[in-house]
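Below are the sequence and a predicted model for it; my questions follow.
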Amino acid sequence: MYATNYFEELMLNLMRSQSITAPANLYLALFQSNPTDSGTGGTEVAYTGYARQAITFSAPAASGAGLAMQNTALITFPEAPASAGTVTYVAVMDSLSGGNMWLYGQLDQSLTIQAGVSPVFRAGSVKWIWSGNLSTYYRTAIMNTLRGTNCSGFAPYVAYCNGDPTGAGNEFSGNNYTRTAVTMTAPAQQPSGTALSQNSADIISGVATGNWGTLNTVAIYDATSSGNAYAVINIGTSYNVTTGYAVGFHAGDLQFNIN
């Protein structure tokens, strides 16, 4: 499944101190065509007696290079009194009618709704797998909003590192090193279908009074020290930061895309 524009923007707005309020309930909806990233497209099934059905998700768990969650129980829709077309997509909604779409995805096999048949989804058949540069901590926290847990927004800080600080790398320390506060733009939808947020102004670190080390990675943290990494980015080039040097990024250099 894929996150909709609505959900993508909630994720990015965490870096703008806007929390995600977990939906009280979630429902699976059936679609005869693609609802798209906008969450407003497609044609939802509408046979007599049809209703979205409650869905609950498992705790996020490791899956390859990412995390995955899936429906925990059998989901059974009302019996169709007559043939009602073919289901090609499903979506996760926060209301029995209307509301916001959080996730959507195409079925591996289309489902033809026939008279006298109840559409059924087995436990584990509706799955969201998510990988990328967001930290495991924040991917877990965001995915858990679909399990009823709010996720707090934060004021972001840039950390300068030699390698991934959540793995084998290290954040710089000493010699006048501190993280740098950063302000992020409101998320904007891109032609590629991703939501983009970027630093709205130039970022300049303090001046090193000694050797910081080799800079090849930056991370966004939710605190001035310690805290949790939101995202980790390899900048693709290495720079030796030593006495008298500072680290800087122009406005728009730090870009975060979520799809």
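Cool, got the structure.

Return the distance of Leu12 relative to Pro187.
4 Å (CB to CB, to the nearest Å). Yep, even glycine has a C-beta here, placed from its N, CA and C like the rest.

which residues do the two both contact?
Ala195, Leu196, Ser197 (CB atoms under 8 Å, 6 or more residues apart in numbering).

can you list these in a markdown table and add distance to Pro156 and neighbour count?
Listed next are the shared contacts of Leu12 and Pro187 as a markdown table, based on distance: CB to CB, whole Å; neighbours: other CB atoms under 10 Å:
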| residue | distance to Pro156 | neighbour count |
| --- | --- | --- |
| Ala195 | 16 | 26 |
| Leu196 | 15 | 18 |
| Ser197 | 10 | 24 |
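
Could you dump the residues you listed into a markdown table with secondary structure and distance to Tyr137 added?
Output for those, formatted as a markdown table (DSSP: H, G, I helix; E, B strand; the rest coil; distance: CB to CB, whole Å):
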| residue | secondary structure | distance to Tyr137 |
| --- | --- | --- |
| Ala195 | strand | 20 |
| Leu196 | strand | 22 |
| Ser197 | strand | 19 |
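
Reformat those as CSV; add pLDDT and distance to Ile204.
Formatted as CSV, the shared contacts of Leu12 and Pro187 follow (pLDDT from 0 to 100; distance: CB to CB, whole Å):
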residue, pLDDT, distance to Ile204
Ala195, 92, 27
Leu196, 93, 23
Ser197, 95, 20
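
So which of the residues you listed is the closest to Thr237?
Distance ranking of the shared contacts of Leu12 and Pro187 against Thr237, using CB to CB, places Leu196 first at 21.7 Å.

Please name the nearest non-neighbouring residue to Pro35.
Spatial nearest neighbour of Pro35, excluding adjacent residues (CB to CB, 6 or more residues apart in numbering): Gly42 at 3.5 Å.

How about the contacts made by that neighbour?
Counted by CB under 8 Å, 6+ apart, Gly42 has contacts Phe31, Gln32, Ser33, Asn34, Pro35, Thr36, Tyr89, Ala91.

And for Ser238?
Ser238 neighbours (CB under 8 Å, 6+ apart): Thr214, Leu215, Asn216.

What of Tyr221?
With CB under 8 Å, 6+ apart, Tyr221 has these contacts: Pro156, Tyr157, Val158, Ala159, Arg179, Gly227, Asn228, Ala229, Tyr230.

Surely the third one and Val218 touch.
Yes: with contact defined as CB atoms under 8 Å, Val158 reaches Val218; the gap is 5.7 Å.

which of these two has more neighbours?
For Val158 versus Val218, neighbours defined as other CB atoms under 10 Å are more numerous around Val218 (23 against 20).

Where does that one sit: helix, strand or coil?
Classification of Val218 by DSSP: H, G, I helix; E, B strand; the rest coil places it in strand.

measure it to Gly163 for me?
Val218 is 11 Å from Gly163, where distance means CB to CB.

likewise Phe31?
43 Å.

So between the two, which is more surrounded?
Phe31 (21 against 16).

dump the residue contacts of that one.
Here Phe31 is in contact with Gly42, Thr43, Glu44, Val45, Val87, Thr88, Tyr89, Val90, Ala91, Tyr104 (CB under 8 Å, 6+ apart).

Identify the residue spatially nearest to Thr21, adjacent ones excluded.
Asn150 (5.6 Å).

Show me where the chain has its helices.
Applying DSSP state H to the chain gives helices spanning 5-13, 136-143.

With mean neighbour count, mean pLDDT and distance to Ala22 added, can I get those in CSV?
Formatted as CSV, the helices of the chain follow (neighbours: other CB atoms under 10 Å; pLDDT from 0 to 100; distance: least, CB to CB, whole Å):
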stretch, mean neighbour count, mean pLDDT, distance to Ala22
helix 5-13, 21, 96, 11
helix 136-143, 19, 97, 10
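
For those helices, give me JSON lines that also has distance to Gln255.
Shown next, in JSON lines, are the helices of the chain (distance: least, CB to CB, whole Å):
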{"stretch": "helix 5-13", "distance to Gln255": "11"}
{"stretch": "helix 136-143", "distance to Gln255": "17"}
